[in-house]
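A.B. asks: Predicted structure and sequence below. I'll ask about it afterward.
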Amino acid sequence: MYPPFTPKNWLLVLFFLLFFPGLSLTGQKKSDANAPFGIDFTQRDPLAGLAKDNWLRPDSTFNSSRFYVSAGTGAALYGGFSIGLYQIWYKEYERGSLRSFNDWPEWNQMDKAGHAFTAYMFSRYAFAGLRWSGLKRPTARYAALGVANLLQGTIEVFDGYSAEWGFSWSDMGANLAGSLVFTAQDALWREQRILLKVSNDLRPHPDITITNANGATSNLGDISRERFGDYPFERYLKDYNAQTIWASVNPASFFPKSKIPQWLNIAVGYGSENVYGAYGNSWRVGDERFRFPEERYRQWYLSPDIYLSRIPTKKRWVRLTLGILDFIKIPAPALEYSRGKFRGHWVMW
C-alpha cells in the first residue's frame, strides 16, 4: 500500500517529476548520460562490440536450433500459462456451450487495459526470441503479432465455454490493440519508445462490515477474496482495485539530442477504485442482498519510471534479465487525478 499525503503537498511531487531527469542512477555526468557506451537500441544486438559474444548474442542469420529452442520454450510457457489460468480462474465455474457476450461496460474497463498490456508483453517477448533465432525483423515482428493474439485468444475460448462469462469481442479488440502498440512502434521506429507496464500494491482485503436494510451483515473482505483471490499471484492478475496499467514513455528516444538519460521514462497510469463487481458493488449471501455504498471511480496517474533494459550494462545476461522485468512499473512518487481533484503519493507501488 502506498502512503498518500494531503492535496496541498502534491506540488512537491510535480516538482520531483519535472526535475527528476537531472538525476542519474549510474553516477555519470549529465552531459554523457544520453549515450552510455554509445548503445543504439534500434539494432538487433545493441551490445555488439561492448559485450562478449556468447549464446545470448542474437544470431545474424536464421539459426534453426535456436528457433526450435524459442518455439519449444514458448510452447511450454503457453501450456503452463493455460493450465495455471484454468486452475486460477475457471476451474470452479460451471462449463457450457460456446457463447459470446458484451462485457465492455464491466470493471470500469480495467480488464480491457489488462488484456492490452498482456498482449503487448507477449508480442515483445516473442519478438525477442525470434530475433535471437536470426529471423529478419519484419518476419519476427508480424510473427510476434500472431503469437500474442493466439495466446490471448486462448483466454477468450476459456471464457466462451464458461457459464459465468462468454467470448468477448471487446477483449479481442483490446488484445489486438495491445499487440499493435508493439508492432506499430517497431515498424515506425525499430524500437519501443512507449512501454505498457503494470503495478499492483497488493493491499490487504478490506475488512469492512456491511449491514443491509434487514439488519443482516456481510463482510466486503469476503467478497474481495471470492472475486480477486487470496494468493499474491492470483491477486496480481485479478485485483482491479490494487492494479494500475501504465504507458511508460521514453523521452530520450523522442529527443535524441537532449541530455535526458536513456533509462528514464515518464509513465501515465490508469486505475480504478471501489470496484468489487463487474457492474456494481452488490452481492447476495443466501436470501440476503448487500451493497457497498462507496462510489466507484477512475484514477489517472503521472509518475517517473525506469526503462530497465536501457540501464547501461556490458553484460548480456544482465540486459536479458532487465528486459524480462521491463513489464514492471518501478515504485516512485506519483501524482493522481481522480474525482475532479489532484492528490500525491510519496511512493506508489
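C.D. replies: Yep, that arrived. Numbers count the residues shown, from 1 in each chain.

A.B. asks: only C-alpha atoms for contact and neighbour calcs from this point on.
C.D. replies: Noted.

A.B. asks: Determine the next helix or strand in the C-terminal direction from the helix or strand where residue 300 lies.
C.D. replies: Per DSSP states H and E, residue 300 falls inside strand 297-306. For strand 297-306, the succeeding helix or strand toward the C-terminus, using DSSP H and E, is helix 316-324.

A.B. asks: What strands flank the helix or strand just after that following helix, and is each parallel or antiparallel?
C.D. replies: Using DSSP H and E, the next helix or strand after helix 316-324 towards the C-terminus is strand 332-338. Using DSSP bridges, strand 332-338 pairs in its sheet with strand 297-306 (antiparallel), strand 341-348 (antiparallel).

A.B. asks: which residues sit against strand 332-338?
C.D. replies: Strand 332-338 is contacted by residues 10, 13-14, 297-305, 342-349 when judged by CA atoms under 8 Å, 6 or more residues apart in numbering.

A.B. asks: deepest of the strands paired with strand 332-338, which one?
C.D. replies: strand 297-306 (a mean of 20; mean count of other CA atoms under 10 Å).

A.B. asks: Name the residues that touch that strand?
C.D. replies: 17, 20, 108, 248, 263-275, 329-339.

A.B. asks: Just the buried ones out of those, please.
C.D. replies: Buried residues within the contacts of strand 297-306, defined by neighbour count using 16 or more other CA atoms under 10 Å: 17, 108, 248, 263-275, 329-337.

A.B. asks: What number of residues are in the vicinity of residue 293?
C.D. replies: Using other CA atoms under 10 Å, the number of residues around residue 293 comes to 11.

A.B. asks: Tell me how far it lies from residue 274.
C.D. replies: Distance from residue 293 to residue 274, counting by CA to CA, to the nearest Å: 9 Å.

A.B. asks: any shared contact partners between these two?
C.D. replies: Between them, residue 293 and residue 274 share these contacting residues under CA under 8 Å, 6+ apart: residue 281.

A.B. asks: According to the record, where do the domains of the chain fall?
C.D. replies: 1-25+194-349, 57-190 (automatic domain parsing).

A.B. asks: that's a helix at residue 52, yeah?
C.D. replies: No: when classified by DSSP: H, G, I helix; E, B strand; the rest coil, residue 52 is found to be coil rather than part of a helix.

A.B. asks: List the residues that contact it.
C.D. replies: By CA under 8 Å, 6+ apart, the contact set of residue 52 is 315, 316.
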